[in-house]
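Participant: Okay, here's the prediction I keep looking at, along with the sequence it came from:
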Amino acid sequence: MIPYGHQSLDESDIDAVADVLRSDWLTQGPMAPRFGRAVADYCGAAHGVAMSSATAGLHLACLALGLGPGERLWSSPISFVASANCGRYCGAEVDFVDVEPASGNLSIDALERKLELAEQQGRLPKVLVTVHFAGQPVDLAGIDRLRVQYGFKLIEDAAHALGAGFADSRIGDCRYSDATVFSFHPVKPITSGEGGVLTTNDPELAAQVGRLLCHGISRDPALMQGESDGPWYYQQIELGYNYRMSDIQAALGLSQLQRLDQFVARRRALAERYERLLAGLPLTPLARLPGRQSGWHLYVVRLDAGAGITRRQLFEAMRAAGIGVQVHYIPIHLQPYYRDQGFAEGDLPGAEAFYQSVLTLPLYPELSEAQQDEVVEALRQALA
């Protein structure tokens, strides 16, 4: 089976992990802070905090921005459920903004219309989580214009987008946002096994996130009530969580980060080759929008109307041929949990139509051209 995504590891990654295993620290040592700093430096942000997952990063970003009960978080329905769940973890209401059919990214026009109505109703969001779907950045300048006008906080869910860029800005530099969150799951641009990093230019937000991921505990005397009892002393300043990244994971992430640009270049070359090979088939790749440099986490196509085959038939034919295609994503608002919150089919027609036609093809740095040819030949046979 050719998978839709796969980690790319070499001996330098194994050596980096082995060095930690031979060291005095497996967790809470120097490697996790070093990894967070390295990701921030790569992106051009002032601060980077490593943690156990991107989901943890989204949750902590929401907490640090003060999201709570009676407030609202908006996000894209075309994403993994974590992009919305982070709001529910804080007790906030969650709502969704429809997407652009051509890219799968949040629609600025839909966002502007929804904000105008929400202002009239007194129900503006406190936080917007925008998703860089498949690695292609959303229109950050358009969102920033609305953020200034309506006063919401912005979190970039960049789980797909490490190595991507918008205009002359690298995703993760937080030029347009309060925080950006990256994922290091094995199918992502680089991996730490599991893990996440939050970048921000706000030192207070970074410091609070750093406390929240470690139970809300601080050893800083300036934050304590009363005097310290001694060098061993700590206090729990606020209610936090155990969202720490181990030094083992961070060492792998640091090693992988050295090859990120190489990985993204290979993904881009394979994506451009797909476009040439798929010409003439009833499949439409996601639009490549001006001023945006994709990280090419996923290669997603849409099955054209009138193709003579359903998306399910195509999916099953490809799986039967040994091609591990996937679908990204089932719209979040149609999940049973969110249906129970009052959402229903027809609420977000753009996202629902997008879901009905999309198929993710294999894309990862070690995918060979021969394997890519096999993928395309299987598509040709299924579509014939």
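Facilitator: Yes, it's here. As the structure is a computational prediction, the values presented were derived from the model and not from experiment.
Participant: tell me the helices in the protein, going along the chain?
Facilitator: 11-21, 31-43, 54-64, 82-89, 108-121, 140-150, 203-212, 247-257, 260-277, 311-320, 336-339, 349-357, 369-383 (DSSP state H).
Participant: wait, which of those is closest to residue 134?
Facilitator: Nearest to residue 134 among the helices of the chain is helix 260-277; the distance by Cβ to Cβ comes to 9.8 Å. In this view, the C-beta of every residue, glycine as well, is placed from N, C-alpha and C.
Participant: Could you find the closest non-adjacent residue to residue 166?
Facilitator: In this structure, residue 166 finds its nearest non-sequential neighbour in residue 137, 4.2 Å apart by Cβ to Cβ, 6 or more residues apart in numbering.
Participant: What of residue 61?
Facilitator: That would be residue 179: by Cβ to Cβ, 6+ apart, it lies 4.5 Å from residue 61.
Participant: And the residue most central in space within the chain, how far from residue 49?
Facilitator: The residue lying closest to the centre of the chain (Cα atoms, centre = their mean) is residue 159, at 1.9 Å. Distance of residue 159 to residue 49, computed by Cβ to Cβ, to the nearest Å: 16 Å.
Participant: Report how many residues lie close to residue 186.
Facilitator: For residue 186, the count of nearby residues is 15 (other Cβ atoms under 10 Å).
Participant: List the contacts of it.
Facilitator: 5, 6, 7, 193 (Cβ atoms under 8 Å, 6 or more residues apart in numbering).
Participant: quick revisit: for the helices of the chain, which one sits closest to residue 291?
Facilitator: Taking the helices of the chain one by one with Cβ to Cβ, helix 140-150 is closest: 8.5 Å.
Participant: thinking again about what came up before, my guess is the residue nearest to residue 166 contacts residue 160, does it?
Facilitator: No. At 9.7 Å, residue 137 does not count as touching residue 160 under the criterion of Cβ atoms under 8 Å.
Participant: contacting residues for the residue nearest to residue 166?
Facilitator: 105, 161, 164, 165, 166, 171, 292, 293, 294.
Participant: for residue 302, same thing?
Facilitator: Counted by Cβ under 8 Å, 6+ apart, residue 302 has contacts 283, 284, 285, 286, 354, 357, 358, 359.
Participant: and with 7 Å instead?
Facilitator: By Cβ atoms under 7 Å, 6 or more residues apart in numbering, the contact set of residue 302 is 283, 284, 357, 358.
Participant: Quick check: it vs residue 283, distance?
Facilitator: 7 Å.
Participant: Likewise for residue 172?
Facilitator: Relative to residue 283, and taking Cβ to Cβ, residue 172 is found at 31 Å.
Participant: next one: residue 162
Facilitator: In terms of Cβ to Cβ, residue 162 sits 27 Å off from residue 283.
Participant: quick one, which of those two is more surrounded?
Facilitator: Neighbour count, other Cβ under 10 Å: between residue 162 and residue 283, residue 162 has more, with 28 against 20.
Participant: For that one, which non-adjacent residue is spatially closest?
Facilitator: residue 189 (4.6 Å).
Participant: likewise residue 112?
Facilitator: residue 146 (6.1 Å).
Participant: Who are the contact partners of the one you found?
Facilitator: 111, 112, 115.
Participant: repeat that for 8 Å
Facilitator: Neighbours of residue 146 in contact, by Cβ under 8 Å, 6+ apart: 108, 111, 112, 115, 152.
Participant: quick one: which of these has the most company?
Facilitator: Ranking those using other Cβ under 10 Å puts residue 111 first, with 23 neighbours.
Participant: The closest residue to that residue other than its chain neighbours and residue 253, how far apart?
Facilitator: Distances taken as Cβ to Cβ, 6+ apart place residue 97 nearest to residue 111, at 4.9 Å, with adjacent residues excluded. From residue 97 over to residue 253 the distance is 31 Å, taken as Cβ to Cβ.
Participant: ok, these two, which is more surrounded?
Facilitator: residue 253 (29 against 25).
Participant: isn't the more buried one right next to residue 196, touching?
Facilitator: No. With contact defined as Cβ under 8 Å, residue 253 does not reach residue 196; the gap is 9.8 Å.
Participant: residue contacts, the residue nearest to the residue nearest to the centre of the chain when sequence neighbours are not counted?
Facilitator: Distances taken as Cβ to Cβ, 6+ apart place residue 183 nearest to residue 159, at 3.7 Å, with adjacent residues excluded. Under the criterion of Cβ under 8 Å, 6+ apart, the contact list for residue 183 reads 53, 54, 159, 160, 195, 196.
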